[in-house]
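Colleague: Need coordinates for the following:
(one chain, ligands or ions: 1)
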Amino acid sequence: MFGHGTPIPMTSSPCGPLKGEAHVPGDKSISHRSLIFGAMAVGETKISGLLEGEDVLDTGKAMAAFGAEVINHGEGNWSVHGVGVGGFAEPDTVIDCGNSGTGVRLIMGAMATSDITVTFTGDASLNGRPMARVTDPIALFGATSVGRSGGRLPMTIVGAKDPVPVRYEVPMPSAQVKSAVLLAGLNAPGQTVVIEKEATRDHTERMLAGFGAEISVAETDEGRVITLTGQPELKPQTIVVPRDPSSAAFPVCAAIITPGSDVLVPNIGLNPTRAGLFYALQAMNADLTFENEREEGGEPVADLRARFSPNLKGAEIDPAGAASMIDEYPVLSVVAAFAEGDTVMRGVKELRVKESDRIDAMAKGLRANGVEVDEGDDWWIVKGLGHGNVPGGAICESFLDHRIAMSFMVMGMATQQPVSVDDGGPIATSFPIFEPLMHGLGAKITRT
Ligand code: S3P
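Modeller: Residues are numbered from 1 along each chain as shown. Sure thing, here's the model as predicted:
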């Protein structure tokens, strides 16, 4: 598959205890938004702790193509000199969002109500993912689009010349779609209303309020009703990007399954729309504690301490929490393999349209490594073998999906035989320091 250059096969071998502190990179969702919202503000937004993974860097390049000045000051410090709402210039070239669904979908929304025409593309994974979920609502604002069959990239969007505000009920639980509609609403006159039946990550709502937009959220019988007043002047911000709970998931789960481990993962945001995995792990008997609980920038934050947990038990994961841990199901399924009994995951249809079909990708790799998995359209069950009993020994396909690759690297730390992936290259999209960070804790990951 085209996407990340020459494949980088990797092998993770059973290792001794993982010990120490894991300083994971900045939050991917907040990093994308910092660059995009900064580009839509008037003046200079300063960002520290930006995730410098490929996905976010592609969004930074895109914002520069739309006319914002995006400057790297080193060590995660960036600035964005924004062009204001409605100030996007028409890029001279195709916008390549690489592997990033968040990047492309948010940018499509942000440009949809400007009088410009933009062509988007991505890698083989992104070019296979559904975009109608964004082109349908932006059409209501007056934007038009032409893409490949099935609403896939490459795709050209002609922004609305005279946008109208919309009222839109998001048909699937998706923060990307919600955010795309809100960003389109920024440059439409009047009030745009977005309704979501299930709460999804709320970084867009929180951050747009921080940038000075008039935005309110009401919890109603219909769901969360978000009302945004269009055509504000967004004020530049100073943003400290918190560390990513979705990246923290990997050292946390690795410590839980690897004998003797004791790992501290400091400064992790526990925003309720993101922290579902940690509560699910606790329900499975994982030795995971929240230390030094505090509030930072209006968000709950804690240091996570994860220790080897020899008595993991399978659990029925509450589908109501699915959106709050949607990116963490792959690594949760690895922990489930080391638990006694079945772990049942329902209401997770969205996993089929991520960077890969994540149920299929994990089921294939788990089975190849000796773990039984049952699956249906929107559910799957991992039949745990208990600690010490997971065979391993297989090479898994990562399907251009960073989280699949990292999940199998975590698995290999506690299986009887090493576990390999055909291509660990995609890890650089979200967690470029994954290998050195894991080595620092005591993992044995080699490029093979
Ligand atoms: C994201 C939303 C989620 C998540 C993705 C990041 C975001 O996608 O899987 O990694 O930053 O808004 P969906 O909106 O498709 O659920």
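Colleague: C-alpha from now on. contacts and neighbour counts both.
Modeller: Noted.
Colleague: Give the residue farthest from the middle of the chain.
Modeller: residue 162 (32.7 Å; Cα atoms, centre = their mean).
Colleague: Let me see the contact set for that one.
Modeller: Residues near residue 162 by Cα atoms under 8 Å, 6 or more residues apart in numbering: 113, 142.
Colleague: now with 10 Å?
Modeller: The contact partners of residue 162, by Cα atoms under 10 Å, 6 or more residues apart in numbering, come to 113-115, 141-143, 187-189.
Colleague: Tell me the residues of the stretch 301-448 of the chain that contact the ligand?
Modeller: Contact residues, the stretch 301-448 of the chain versus the ligand (Cα under 6 Å from any ligand atom): 326-327.
Colleague: Show me where the stretch 301-448 of the chain has its helices.
Modeller: Applying DSSP state H, counting those that start in this stretch to the stretch 301-448 of the chain gives helices spanning 329-337, 358-368, 402-411, 434-441.
Colleague: now those helices in CSV, with mean pLDDT and mean neighbour count?
Modeller: Shown next, in CSV, are the helices of the stretch 301-448 of the chain (pLDDT from 0 to 100; neighbours: other Cα atoms under 10 Å):
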stretch, mean pLDDT, mean neighbour count
helix 329-337, 99, 26
helix 358-368, 98, 21
helix 402-411, 99, 28
helix 434-441, 98, 17
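Colleague: And residue 42, how close does it get to residue 236?
Modeller: Here the criterion is Cα to Cα, to the nearest Å. By it, residue 42 lies 6 Å from residue 236.
Colleague: Between the two, which contacts overlap?
Modeller: Joint contacts of residue 42 and residue 236 (Cα under 10 Å, 6+ apart) are 80-82, 84.
Colleague: where does the stretch 51-200 of the chain come near the ligand, residue by residue?
Modeller: Proximity of the stretch 51-200 of the chain to the ligand, by Cα under 6 Å from any ligand atom, involves residues 102, 174-177.
Colleague: so of those residues, which ones are in helices?
Modeller: 102, 175-177 (DSSP state H).
Colleague: Can you classify the residue of the stretch 1-150 of the chain found nearest the ligand as helix, strand or coil?
Modeller: Residue of the stretch 1-150 of the chain nearest the ligand, by Cα to the nearest ligand atom: residue 29 (3.7 Å). For residue 29, the assignment made with DSSP: H, G, I helix; E, B strand; the rest coil gives helix.
Colleague: Can you report how many residues neighbour it?
Modeller: 20 (other Cα atoms under 10 Å).
Colleague: returning to what we had before: got a winner among the ones in helices among the residues of the stretch 51-200 of the chain next to the ligand for most neighbours?
Modeller: residue 177 (25 neighbours).
Colleague: gap between that residue and residue 136?
Modeller: Distance of residue 177 to residue 136, given as Cα to Cα: 10 Å.
Colleague: is residue 417 in a bridge, and if so with what?
Modeller: Residues in a beta bridge with residue 417, per DSSP bridges, are residue 392.
Colleague: correct me, but it touches residue 395?
Modeller: No. With contact defined as Cα atoms under 10 Å, residue 417 does not reach residue 395; the gap is 11.0 Å.
Colleague: low pLDDT regions in this structure?
Modeller: Residues of the chain meeting the criterion pLDDT under 70: 1-4.
Colleague: domain parsing for it?
Modeller: Split into domains by automatic domain parsing, the chain comes to 10-26+243-447, 28-229.
Colleague: Distance of residue 441 relative to the ligand?
Modeller: Using Cα to the nearest ligand atom, to the nearest Å, residue 441 is found at 25 Å from the ligand.
Colleague: residues touching that residue, list them.
Modeller: Residues in contact with residue 441, defined by Cα under 10 Å, 6+ apart, are 16-22, 251, 254-255, 261-263.
Colleague: can you do 8 Å?
Modeller: So, once contact is read as Cα under 8 Å, 6+ apart, residue 441 ends up touching 18-22, 263.
Colleague: Quick check: buried residues in stretch 248-262?
Modeller: Neighbour counts over stretch 248-262 (16 or more other Cα atoms under 10 Å) mark 248-259, 261-262 as buried.
Colleague: Go ahead and name everything in contact with that stretch.
Modeller: Taking Cα under 8 Å, 6+ apart as the rule, stretch 248-262 contacts 15-20, 22, 24, 263, 265, 268, 277, 286-288, 304-310, 328, 331-332, 335, 338, 387, 406-407, 410-411, 413-414, 438.
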